[in-house]
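Asks: Here is a sequence with its predicted model. Questions after.
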Amino acid sequence: METPEAVDLDAAGLDRFLIGSPETVADRIVHLHDDLGIDCLIIYMHRPDIPQSKTLAAMERFGDDVIPRVEARIDD
């Protein structure tokens, strides 16, 4: 099994990851919902090589900046 550090994101297919600005991530989530019918995501933000403080900051930013954008565009 490959360690997270050994994974080549380009070869793995970046389209499987939600990476970018809050606007970019929200756009991708809305696309997954509207175009593919996905209504549930499991989001894993922690990697062993990222300090916990950065992971927690990313989680807060997701909650503060991404979720409201998605909720404003999806009426379910």
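Replies: Looks like it came in fine.
Asks: Quick one: residues in contact with stretch 27-45.
Replies: Stretch 27-45 is contacted from outside by 18, 20, 55, 58-59, 62, 66, 70, 73-74, 76, using CB atoms under 8 Å, 6 or more residues apart in numbering. No exception for glycine: its C-beta is placed from N, CA and C like everyone else's.
Asks: go with 10 Å
Replies: Contact with stretch 27-45 is made by 15, 17-21, 25, 54-59, 61-62, 66-67, 69-70, 72-74, 76, as judged by CB atoms under 10 Å, 6 or more residues apart in numbering.
Asks: measure it end to end?
Replies: 18 Å (CA to CA, to the nearest Å).
Asks: pLDDT on it, on average?
Replies: If you average the pLDDT over stretch 27-45, you get 92.
Asks: Centre of the chain to that stretch, how far?
Replies: Taking the mean of its C-alpha atoms, stretch 27-45 sits 9 Å from the chain's own mean (CA atoms, centre = their mean, to the nearest Å).
Asks: Beyond the one helix or strand residue 25 maps to, next helix or strand please.
Replies: Following DSSP states H and E, one finds residue 25 within helix 22-36. Once the chain leaves helix 22-36, the next helix or strand it forms, by DSSP H and E, is helix 52-61.
Asks: What angle do helix 22-36 and that next one make with each other?
Replies: 60 degrees (axes from the mean of the first three to the mean of the last three CA atoms, to 10 degrees).
Asks: helices or strands up against helix 52-61?
Replies: Packed against helix 52-61 by the contact rule (3 or more CB pairs under 10 Å, 6 or more residues apart in numbering; DSSP states H and E) you find no helix or strand.
Asks: Any chance you could list what contacts the helix or strand that comes right after it?
Replies: Once helix 52-61 ends, the next helix or strand along the chain (criterion: DSSP H and E) is helix 67-73. Residues outside helix 67-73 that contact it (CB under 10 Å, 6+ apart) are 22-23, 25-30, 32-34, 41, 62.
Asks: Can you flag the buried ones in these?
Replies: 22, 25-29, 32-33, 62 (16 or more other CB atoms under 10 Å).
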